[in-house]
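Colleague: give me coordinates for this.
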Amino acid sequence: MAELTGKRVAFLLTDGFEDSELTSPWQAVTEAGAEAVLVSPAEGEITGKNGHTQAVDLAASSASSGDFDGLVLPGGVVNADHLRMDQPSVELARSFFAEHKPVSVICHGAWILIEADVVRDRRLTSYPSLKTDLRNAGADWVDEEVVVDAGLVSSRTPDDLPAFNAKTVDELAEGEHAGQHA
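Modeller: Sure, this is the predicted structure:
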């Protein structure tokens, strides 16, 4: 596995996230040496759909992509729907693309990328119910375990987490990607 010592990774989410889509990638990046930071529009702590709670480290309205080396967007229908309606969260996600930094998204997490208008002409996957939304936003949606497109890592469901985690760590280790753009 790649080495991430000295890197900071933002995890952007709110209540209703898919628990394993936070805990598993969080463990993967921290075991590789990165510092993981939970960013949220919520304050205090957030709760996953299966009861996992975790303290919020930084408000989305105060977060800057310049302080991080990459972004992870866990899924969960409620989480993803609420995030795409939070303008500071949308702007933060978009700024990672503008700075060519790696972004990893799983399941319903891609909704915020549609709102940020960063999926046009990009190849990615998601939970199958987002297929039409992503295609309508200009993406090339495919049904694969994990897809990497110039620094953008995407997967479908918690079943894909082993492949998602490995590619997330690899892309974070590689750093900025010229093809990653807003």
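Colleague: endpoints of stretch 31-44, how far apart?
Modeller: The first residue of stretch 31-44 is 25 Å away from its last residue (CA to CA, to the nearest Å).
Colleague: gap between it and the chain center?
Modeller: Distance of stretch 31-44 from the chain centroid (CA atoms, centre = their mean, to the nearest Å) equals 12 Å.
Colleague: for stretch 76-94, same thing?
Modeller: 11 Å.
Colleague: what does stretch 174-182 give?
Modeller: Worked out by CA atoms, centre = their mean, stretch 174-182 lies 15 Å from the chain centre.
Colleague: quick check: buried residues in that stretch?
Modeller: Neighbour-count burial for stretch 174-182 flags 177, 180 (criterion: 16 or more other CB atoms under 10 Å). (C-beta placed from N, C-alpha, C; glycine too.)
Colleague: contact partners of that stretch?
Modeller: 69, 94-103, 116-118, 149-152, 171 (CB atoms under 8 Å, 6 or more residues apart in numbering).
Colleague: so for the spatially most central residue of the chain, what's the nearest residue that isn't a sequence neighbour?
Modeller: Among the residues of the chain, Leu73 comes closest to the average C-alpha position under CA atoms, centre = their mean, at 2.1 Å. Leaving aside its sequence neighbours, Leu73 sits nearest to Gly109 (CB to CB, 6 or more residues apart in numbering; 3.7 Å).
Colleague: that older thread, in strands only, show me the contacts of stretch 174-182.
Modeller: If you go by DSSP state E, the contacts of stretch 174-182 have 103, 149, 152 in strands.
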